[in-house]
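Peer 1: Show me how the following folds:
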Amino acid sequence: MESSKINIYEYIDYREYLSDRYEHEKKTNNLTLRLLARKSGFNSHSYFKHILEGKKSVSISSVWKIAKGFDLPDDETEFLENLVRFSQAESTEEKNDIYKKIMKKRPKSEFTQIEKDHYILFSNWYVIAIREMIALPEFKEDYSWISKNIIPNITRKEAKETIDLLLRLKHVIRDKNGKLEQNDKFITTGSEVKSFHIINYHDNLLKLASLSMRETSKDWRDISSLSFLVNKEEYTYIKHKIIEFRREIGQYLKDRESKIFPDDITGTEKTLYNLNMQLFNTSKIYWRK
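Peer 2: Below you'll find the model as predicted:
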């Protein structure tokens, strides 16, 4: 970001903001790390150096001191504190709560709307599901129909807001007859927020998988697990096999659009499914190398 356009409300990564702010002050006001430390009330300038290098994290108790060093007003200091809390939050629920506070403090802008849209896109499992439902031959752009035909059911309001969101993000478009259809255009965000959104999305899918064990007949689902001991090389091998399988399924779905099917696949009726794959440790004993 250009030094003349430093705006704390456009940041989600507090380190990135502090780095940009320091470079701005260094160029425009000859600020040095030593002077910044003295203005903030710290004994050594190495604290800031380690923060900017990613070797140290900002403690909550230090936020207001740092803000004093940069001469930030109270509202920007509170925003900086939320950025720090967001970075250090340990649970998805805590991150969600803090992220909502961050969004409320941001001035309304196109930047804010895009980020908010992506938060909704991955925080609500049914958004991606509805995008896929649109490709079903039976699909009706009727909010009651959508809300009743998705599992678990959602409200008509949620269905309408989802369609509006997908249109705004151009994940779906209207054809020449005004009918909804999928579009391949995507909008990306910064890695920190993107990863946060993806965690939300997968967390919701895991909850849906759990729900399906109680709500869906065994004839319409397949949920199984294996528990086993592996060394690091075996873990890498299995992980690569999962990646290969995921790519194979993805290639099949891509080929399907070109009417390329294996010989034993002849059905034409479709419904909506999710495929989740998880490989994770269940002990705190790690490989030494």
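Peer 1: Now tell me which helix or strand of the protein has the poorest mean pLDDT.
Peer 2: Here the helix or strand of the chain ranked lowest by mean pLDDT, DSSP states H and E is helix 110-123, holding a mean of 63.
Peer 1: Need the contact partners of the helix or strand following that helix.
Peer 2: Beyond helix 110-123 on the C-terminal side, the first helix or strand identified by DSSP states H and E is helix 125-133. Residues outside helix 125-133 that contact it (Cβ atoms under 8 Å, 6 or more residues apart in numbering): 120-122, 139, 146, 149-150, 154, 158-159, 162-163, 165-166, 171-172, 182, 201, 204-205, 208, 272, 274. In this view, the C-beta of every residue, glycine as well, is placed from N, C-alpha and C.
Peer 1: which ones are touching L72?
Peer 2: I8, L80.
Peer 1: Sitting in helices, which of the contacts of helix 125-133 do you find?
Peer 2: The helices, defined by DSSP state H, take in 120-122, 146, 149, 158-159, 162-163, 165-166, 201, 204-205, 208 from these.
Peer 1: Of those residues, which is the most crowded?
Peer 2: T162 (26 neighbours; other Cβ atoms under 10 Å).
Peer 1: tell me the contacts of W220?
Peer 2: Per Cβ under 8 Å, 6+ apart, neighbours of W220: none.
Peer 1: Give me the buried positions along stretch 123-143.
Peer 2: 123-131, 133-134, 139, 143 (16 or more other Cβ atoms under 10 Å).
Peer 1: Could you do stretch 246-260 as well?
Peer 2: Across stretch 246-260, burial judged by 16+ other Cβ under 10 Å covers no residue at all.
Peer 1: burial count for K148?
Peer 2: With other Cβ under 10 Å as criterion, K148 counts 13.
Peer 1: Next one: it relative to A135, how far apart?
Peer 2: According to Cβ to Cβ, to the nearest Å, K148 and A135 sit 18 Å apart.
Peer 1: Could you do N177 as well?
Peer 2: For N177 relative to A135 (Cβ to Cβ), the value is 16 Å.
Peer 1: ditto for K104
Peer 2: 35 Å.
Peer 1: And for L36?
Peer 2: In terms of Cβ to Cβ, L36 sits 55 Å off from A135.
Peer 1: Could you tell me which residues make contact with Y201?
Peer 2: Applying Cβ under 8 Å, 6+ apart, the residues near Y201 are F122, S123, W125, I128.
Peer 1: want to try JSON lines for these, with distance to S40 as columns?
Peer 2: Shown next, in JSON lines, are the contacts of Y201 (distance: Cβ to Cβ, whole Å):
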{"residue": "F122", "distance to S40": "37"}
{"residue": "S123", "distance to S40": "36"}
{"residue": "W125", "distance to S40": "43"}
{"residue": "I128", "distance to S40": "44"}
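Peer 1: For the stretch 151-289 of the chain, just list every one of the helices.
Peer 2: 156-168, 191-215, 232-256 (DSSP state H, counting those that start in this stretch).
Peer 1: Report the angle between the second one and helix 125-133.
Peer 2: Which is helix 191-215. 80 degrees (axes from the mean of the first three to the mean of the last three Cα atoms, to 10 degrees).
Peer 1: Please apply the same query to the first one.
Peer 2: On the basis of the same axes, to 10 degrees, helix 156-168 is oriented at 60 degrees to helix 125-133.
Peer 1: list the helices and strands helix 156-168 packs on?
Peer 2: Helices and strands touching helix 156-168, by 3 or more Cβ pairs under 8 Å, 6 or more residues apart in numbering; DSSP states H and E, are helix 110-123, helix 125-133, helix 143-149, strand 172-174.
Peer 1: outside of the last one, which residues touch it?
Peer 2: In other words, strand 172-174. Contacts for strand 172-174 (Cβ under 8 Å, 6+ apart): R131, I134, I163, L166, L167, L180, E181, Q182, N183.
Peer 1: Brilliant, that's me finished.
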